[in-house]
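1. A predicted structure for the sequence below; I have some questions about it.
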Amino acid sequence: MMIPAAMSDKPNMAKIEKFNKSKFRKTEKQEKNPLPSEETIEEEKQAGES
């Protein structure tokens, strides 16, 4: 399969540069899988030892 000579490896940046970021809606980030606190880790270590 031959790739036409008109295509290049670089993407067309014109549309990206003109994109209006204000169209995005503001969202709140929510941590789906938060790491346990130091306290919780210590409690689990203690429980595992006994």
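-> Arrived safely, thanks for sending.
2. tell me the SS of the residue nearest the centre of the chain?
-> The centroid of the chain falls nearest to residue 29 when counting by Cα atoms, centre = their mean (11.0 Å). Three-state call for residue 29 (DSSP: H, G, I helix; E, B strand; the rest coil): coil.
3. shaky segments in the chain?
-> In the predicted model of the chain, residues 1-8, 50 satisfy pLDDT under 70.
4. what about the helices in it?
-> All helices of the chain, identified by DSSP state H, fall at 14-18, 38-49.
5. quick one: which of those helices is nearest residue 25?
-> helix 14-18 (19.5 Å; Cβ to Cβ). All C-beta atoms are positioned from the backbone trio N, CA, C, and that covers glycine.
6. tell me which residues of that closest one come out buried.
-> Within helix 14-18, no residue counts as buried by 16 or more other Cβ atoms under 10 Å.
7. looking at the helices of the chain, which is buried most?
-> Sort these by mean neighbour count, taking mean count of other Cβ atoms under 10 Å, and helix 38-49 sits at the top with a mean of 9.
8. how far does it sit from the chain's center?
-> Centroid separation for helix 38-49 versus its chain: 31 Å, with Cα atoms, centre = their mean, to the nearest Å.
9. please enumerate residues in contact with it?
-> Residues from elsewhere that reach helix 38-49 (Cβ atoms under 8 Å, 6 or more residues apart in numbering): residue 36.
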